[in-house]
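S.K.: Need a 3D model of the following:
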Amino acid sequence: METVIFCGIQATGKTTFYKEKFFKTHIHISLDLLKTRNRENKFIGTCIETQQRFVVDNTNPTKEERSKYISVAIYVRKTVLGVLS
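M.R.: Numbering: from 1, shown residues only. The predicted structure follows:
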């Protein structure tokens, strides 16, 4: 499973980059589209449960904001590697 976390200020092409590089292979997780953190969390949870690759397309300007997604990705990686080992 793969998680991609975008960082960048608004209107810098993150969503366009997703469409060009990841549209066919990754679920698009965007707070702009989902509107609430609850929906975002449910989408991420479903991706993890189904081992579906996903892209988090938010500005994520601070370490604190990115750390939530990074922690999830590390947990999943350890869990998958633990199962495969």
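S.K.: what distance separates the start and the end of stretch 13-27?
M.R.: 17 Å (CA to CA, to the nearest Å).
S.K.: So for that stretch, what gets flagged as buried?
M.R.: Neighbour counts over stretch 13-27 (16 or more other CB atoms under 10 Å) mark 14, 15, 18, 22, 26 as buried. For glycine as for every other residue, the C-beta is placed from the backbone atoms N, C-alpha and C.
S.K.: Who are the contact partners of residue 71?
M.R.: If you count contacts by CB atoms under 8 Å, 6 or more residues apart in numbering, residue 71 has none.
S.K.: Tell me how far it lies from residue 12.
M.R.: According to CB to CB, to the nearest Å, residue 71 and residue 12 sit 25 Å apart.
S.K.: Equivalent analysis for residue 20, please.
M.R.: Applying CB to CB to residue 20 and residue 12 gives a distance of 14 Å.
S.K.: Need the residue closest to the centroid of this protein.
M.R.: With distances taken as CA atoms, centre = their mean, the residue of the chain nearest its centroid is residue 56 (3.1 Å).
S.K.: Residue 6: neighbouring residues, count only.
M.R.: 21 (other CB atoms under 10 Å).
S.K.: Please tell me I have it right and it contacts residue 18.
M.R.: Yes - here residue 6 lies in contact with residue 18, judged by CB atoms under 8 Å, at a distance of 7.4 Å.
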